[in-house]
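**Q** only the shape, not the letters, is given here:
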């Protein structure tokens with residue numbers, strides 16, 4: 001598991017996940033224009049992006065196993081390596097280039113290619129975007145700083161695993177994990193669904209005085225977020241060669257996938273708590289409580 005941290009100014013920050021693109025060179029099967037607009041809007045508004053995996057549709061896990069077992073000659077491997085690199089370069093040039101330097105990190109997905117230099121296409125894309133490669137699962141810490149004051153928002157991110165038919169499937173998957181991990185925002189891709197749910201956690205705050213009773217009960221919002229997809233499930237007049245044939249989504253009679261991705265707004269906020277027993281006694285015991293405002297737009 002990777003852990004990365006960033007210091008940000010004390011002002012609202014936009015976090016924009018993007019993944020499950022599965023680019024393989026066909027404009028019709030990928031919502032490329034929607035992806036371009038998502039990235040362009042984020043760059044214009046100073047957003048920070050998180051890569052959720054499956055950027056190109058080169059090889060699935062079973063495909064990679066079969067290729068390794070095939071014992072291909074060096075030249076055949078060179079051809080595959082060149083083709084995979086070209087897909088990454090196309091995706092970068094056509095949709096992601098303007099966001100270079102704005103990525104908190106890129107997760108690995110299921111669909112990528114192993115390159116001849118020992119790296120993967122996910123690592124290649126991360127390098128092109130000046131972002132850390134986050135592997136399979138990561139903590140991303142956003143530390144908001146204003147002079148001596150600071151507060152942290154923790155993002156737990158994973159490409160995802162398993163299938164789910166309901167619109168809330170990613171939220172249901174994350175709900176079980178949220179009990180085991182400390183985080184403010186949970187991100188998951190893979191299931192190609194844009195979904196989100198706020199979950200509140202309660203905690204007491206005692207002031208710094210001598211009181212034995214908690215002065216306030218606070219609610220902390222935790223966001224569970226499914227990060228969507230840019231791969232179309234149904235494509236009109238699709239062909240494999242000269243034969244009418246649908247995508248794997250169409251063949252499997254699955255629901256059309258959710259196209260697009262969420263936008264998360266994180267606003268740093270401190271709340272001041274005073275000891276009720278201080279009133280009229282000339283004392284000024286108070287505690288500051290970190291309570292960031294977290295909102296998600298789908």
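**A** Great, that's in hand. From a predicted model like this one, the values you see are computed outputs, not experimental measurements.

**Q** which residues does whichever strand or helix holds residue 174 contact?
**A** Residue 174 is part of helix 169-178, with elements assigned from DSSP states H and E. Identification of contacts with helix 169-178 by C-beta atoms under 8 Å, 6 or more residues apart in numbering yields 156, 160-164, 166, 186, 188, 190-191, 193, 195-197, 199, 222, 224-227. For glycine as for every other residue, the C-beta is placed from the backbone atoms N, C-alpha and C.

**Q** now a PyMOL select for only the buried ones of those residues.
**A** In PyMOL, a selection of the buried entries from these looks like this (16 or more other C-beta atoms under 10 Å):
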select buried, resi 156+160+164+186+188+190+191+193+195+196+197+222+224+225+226+227
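
**Q** now, which of the contacts of helix 169-178 lie within strands?
**A** Within the contacts of helix 169-178, residues falling in strands by DSSP state E are 156, 186, 188, 195, 196, 197, 199, 222, 224, 225, 226, 227.

**Q** so the last one makes contact with residue 20?
**A** Yes: when contacts are counted by C-beta atoms under 8 Å, residue 227 is listed as touching residue 20 (7.4 Å).

**Q** need the overlap of contacts for those two.
**A** 52, 189.

**Q** list the contacts of residue 144.
**A** 7, 8, 9, 10, 13, 150, 151, 152, 153, 268, 292.

**Q** tell me what it is bridged to.
**A** Going by DSSP bridges, residue 144 is paired in beta bridges with residue 8, residue 151.

**Q** that one and residue 168: what is the separation?
**A** If you measure residue 144 against residue 168 using C-beta to C-beta, to the nearest Å, the figure is 30 Å.

**Q** same question for residue 11.
**A** 32 Å.

**Q** over to residue 44?
**A** To residue 168, residue 44 is 31 Å away according to C-beta to C-beta.

**Q** when these two are compared, which one has more neighbours?
**A** Ranked by neighbour count (other C-beta atoms under 10 Å), residue 44 and residue 168 place residue 168 first, with 15 against 9.

**Q** contact partners for the residue nearest to the more buried one when sequence neighbours are not counted?
**A** Closest residue to residue 168 apart from its sequence neighbours, by C-beta to C-beta, 6 or more residues apart in numbering: residue 195 at 5.5 Å. Residues near residue 195 by C-beta under 8 Å, 6+ apart: 167, 168, 169, 170, 171, 225, 226, 258, 298.
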